[in-house]
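Novice: Okay, here's the prediction I keep looking at, along with the sequence it came from:
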Number of protein chains: 2
Amino acid sequence: MKTIINPLKKDWKKIVERPTKTVDDIEKTVNQIFDDVKRNGDAAINKYTQLFDGVSLESNLVSSDEIQDAILLVSEELKGAIKLAKENVTNFHIAQKTEKVSIETTKGVFCWQEKRPIQKVGLYIPGGTAPLFSTVLMLAVPAQIAGCKEIVLCSPPNKEGKIHPAILYTAQLCGVTKIIKVGGIQAIAGFTFGTESIPQVYKIFGPGNQFVTVAKQLATKFGVAIDMPAGPSELLVVADDSANASYVASDLLSQAEHGADSQVILVSTSKELIQQVSEEIEKQLLELPRVDIAQKAIHNSKSIFVENDAIALELINEYGPEHFIVCTNDTDFYVNNIENAGSVFIGNYTPESAGDYASGTNHTLPTNGFSKAYSGVNLDSFTKSITFQKITKEGIKKIGNAIELMAAAEGLQAHKNAVSIRLKDLK
Amino acid sequence: MKTIINPLKKDWKKIVERPTKTVDDIEKTVNQIFDDVKRNGDAAINKYTQLFDGVSLESNLVSSDEIQDAILLVSEELKGAIKLAKENVTNFHIAQKTEKVSIETTKGVFCWQEKRPIQKVGLYIPGGTAPLFSTVLMLAVPAQIAGCKEIVLCSPPNKEGKIHPAILYTAQLCGVTKIIKVGGIQAIAGFTFGTESIPQVYKIFGPGNQFVTVAKQLATKFGVAIDMPAGPSELLVVADDSANASYVASDLLSQAEHGADSQVILVSTSKELIQQVSEEIEKQLLELPRVDIAQKAIHNSKSIFVENDAIALELINEYGPEHFIVCTNDTDFYVNNIENAGSVFIGNYTPESAGDYASGTNHTLPTNGFSKAYSGVNLDSFTKSITFQKITKEGIKKIGNAIELMAAAEGLQAHKNAVSIRLKDLK
């Protein structure tokens, strides 16, 4: 890790900058595949599955037999763990339900707001060696609580034409209504336009590589909503002498193993702790199976020493970390004043991996400073709010004149008329 | 209006289709201006103001003198109307405040969710002959209630280098912190990158022409959030024999005057009402100052007769109207079962213009079927939710093993280690 001592404020922007990637050459490929899927549906989908996943499938739909097989293949121990996690995630997201908001703004003017589920959602789960069944949990559980009618999951098949059993097991456990063996750009295109095997959806959720990320961005151009823009995962730890250096090191490494481009930052008011953490990282790093990846990420990472908590906080708000661990004497200061973060982990016994898997909070969070404007996935991500109003004769008499004046001032005569014609009858 | 009797379900998709526009040629222009503003800041901004708005300004910032002048120029009558509207909008959006959501998901595992304001927001208000001060109200009021620190408004200057006084009056009334005389693509680029005169913001709100729309879409590529994608305004009325044909006609016309591309649809179970409304439209239309625009929009619009309320509802949910007026015997049926709509207006005395100006609901709503996935602007649009967790020693002992199992199954050893290292100390 690169250590930076008391950086000048004018350099902060540089320090908190994420590595940017150009996606221009990817965009062309994504556009082509979208166009092809739009025109040719499953014929195009199957061509790309053959090309990118190296397999030709008889049917893209996962059958109930395949699901039954998967249930047998997952160990009872892992099933128990998934069920515990599901219960916590369920409880935390059920708690996010809100009541209808209803008021009479003026006598006779009744306004209310209600949340209704997004009817059709698409969940994208990447393939590869690490089966991200935990992400299935994080997306399907709130979708089901929200009341989404169609919860469709797409994930790429492996060379044998299969999806990992842990993903299938979790999907059926969490109410996914359809599982489809399609991945990458073509899956996102399928969600966007619909094909014979992939239903068109209104909103797409889930992580993916840079191809999937660019595809999701393109999907928004066709009116499909997405959970949030994506970037490499990141963790910022603020820690002082009250922290345990080996715990801090283990948390930083847990982030670093995600990928060589993972962002890991330690901010501290203690030079001693920075030193201790650095030594601990060297020690723990060598024991990791993904040591190469983690080493690269750690190499790009920063330890920043600052004079006090106030400066630390300002710097952290400027960065807007996805994951933010607070191991300091005064945790309240950070918890009460953090403006920009995806999810906050407090104290020595709250590792980030708790939130990644089983504490109950959602792990789909805004990276790349997007926490300045975006929420992590939560129950509301699967609903939209609709407003309603009902105005009585008395109500329109009370606010009618104001509407007429404002509409006239905006030059919208027909808007005014719609009120005048009613007021005339009520005279 | 074109009347369609009992359309076959296979034709619904065609019937509810919005006219699509190609934006490819606009995109090039938008990309160029973004690039220029990114590189050259205000020098580029001022060049485009000169080019598009035909005026050269000494300062882009609206001065306090200009604001004082504007306050004097707005009539007391209009001020009263704006204040009444502001009170209703304030009350309805304050009612949307939510408490912190907090639960103990497992003994010793405390999870909570809090909403925090987006610190910097940009409001875009179009120029032109109709000064949209009502949109200032709809965006600045919830921004202020949410607690946004910087509320920056951009609006194009007229040929005299001024912004309409009603816009300035409303902006100062509703807590806008900075008003800048810059419009169009260059304003959105300024919000995205920041310039000497325009602060960079985290989220951009507000309507605009197709150039602004494409610019907002491009802004998201640079990590700036936007309120929602935009399209031409639209209204769907469902009405039966209980409706007043002249009221319905006035509502349809109030939508039609927005622009020739406005979408106006009447769905009815009464052929008689369809006929009456058609006649009323012809009568009222001729008295409108914007008769040309409204006539074009009405020409493209549809009256659809269906056999019963159930079919009507299904069709309406397929369409997902921005504005939805319900004037039927059984309004509850529609109110309880509507899945996709921006804002719903119920009964004979609830014209759409009430919600456009003064009832309290927000008028920034999802068009183009986006109501299937997007909410209209509301208090939450100006906040993001952050999750927090604090786990005790007992808590990590309870869920630690599940995390270890799941992390191992996903091949993420360092995630597992972060828990194991703590559990070992607690043995």
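Specialist: That came through, no problem.
Novice: quick one, phi/psi of A:V109?
Specialist: Note on A:V109: backbone dihedrals following degrees, to the nearest 10 are phi -120, psi 100.
Novice: hey, what's it bridged with?
Specialist: With DSSP bridges applied, A:V109 shows beta-bridge pairing to A:T106, A:I391.
Novice: these two touch, right, it and B:T361?
Specialist: No: with contact defined as C-beta atoms under 8 Å, A:V109 does not reach B:T361; the gap is 9.7 Å. Using the backbone N, CA and C atoms, a C-beta is placed for each residue, glycine as well.
Novice: Can you work out which residues contact both of these two?
Specialist: Common contact partners of A:V109 and B:T361 (C-beta atoms under 8 Å, 6 or more residues apart in numbering or on different chains): A:Q389.
Novice: Tell me who's in contact with the residue nearest to A:S381 when sequence neighbours are not counted.
Specialist: Take A:S381 and drop its neighbours on the chain: the residue closest to it by C-beta to C-beta, 6 or more residues apart in numbering or on different chains is A:D227, 6.1 Å away. Neighbour list for A:D227: A:203-206, A:364, A:377, A:381 [criterion: C-beta under 8 Å, 6+ apart].
Novice: So which of those residues sit within strands?
Specialist: Applying DSSP state E to the contacts of A:D227, the entries found in strands are A:203-205.
Novice: got the contact list for the closest residue to A:D241 other than its chain neighbours?
Specialist: Excluding the flanking residues, the one nearest A:D241 by C-beta to C-beta, 6+ apart is A:S270, at 5.0 Å. Shown in contact with A:S270 (C-beta under 8 Å, 6+ apart): A:239-241, A:305.
Novice: want to throw those into TSV with distance to A:R290?
Specialist: Output for those, formatted as TSV (distance: C-beta to C-beta, whole Å):
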residue	distance to A:R290
A:A239	24
A:D240	29
A:D241	31
A:F305	28
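Novice: Report the buried members of those residues.
Specialist: Neighbour counting by 16 or more other C-beta atoms under 10 Å in any protein chain shown classes A:239-240, A:305 among the contacts of A:S270 as buried.
Novice: Just name the closest of these to A:K79, please.
Specialist: Nearest to A:K79 among the buried ones among the contacts of A:S270 is A:A239, at 35.9 Å by C-beta to C-beta.
Novice: Let's see the pLDDT reported for that closest one.
Specialist: Note for A:A239: predicted pLDDT of 98.
Novice: Quick check: bridge partners of it?
Specialist: Counting by DSSP bridges, A:A239 forms beta bridges with A:S268, A:C327.
Novice: surely A:V344 meets A:V335?
Specialist: Yes: with contact defined as C-beta under 8 Å, A:V344 reaches A:V335; the gap is 6.5 Å.
Novice: ok, these two, which is more surrounded?
Specialist: Between A:V344 and A:V335, A:V344 has the larger neighbour count (other C-beta atoms under 10 Å in any protein chain shown), namely 24 against 17.
Novice: give me the element that one is part of.
Specialist: For A:V344, the host element (DSSP states H and E) is strand A:343-346.
Novice: Extract the CA atoms of that strand and return them as PDB.
Specialist: C-alpha atoms of strand A:343-346 as PDB (Å, rounded to 0.1, in the frame of the first residue of the first chain):
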ATOM      1  CA  SER A 343     -23.100   0.600   3.600                       C
ATOM      2  CA  VAL A 344     -21.400   1.400   6.900                       C
ATOM      3  CA  PHE A 345     -19.800  -1.300   9.200                       C
ATOM      4  CA  ILE A 346     -19.200  -0.300  12.800                       C
END
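Novice: on that earlier part again, which one of the contacts of A:S270 is nearest to chain B?
Specialist: A:A239 (14.0 Å; C-beta to the nearest C-beta).
Novice: contacting residues for that closest one?
Specialist: Taking C-beta under 8 Å, 6+ apart, we find A:A239 in contact with A:248, A:266-268, A:270, A:273, A:277, A:325, A:327-328.
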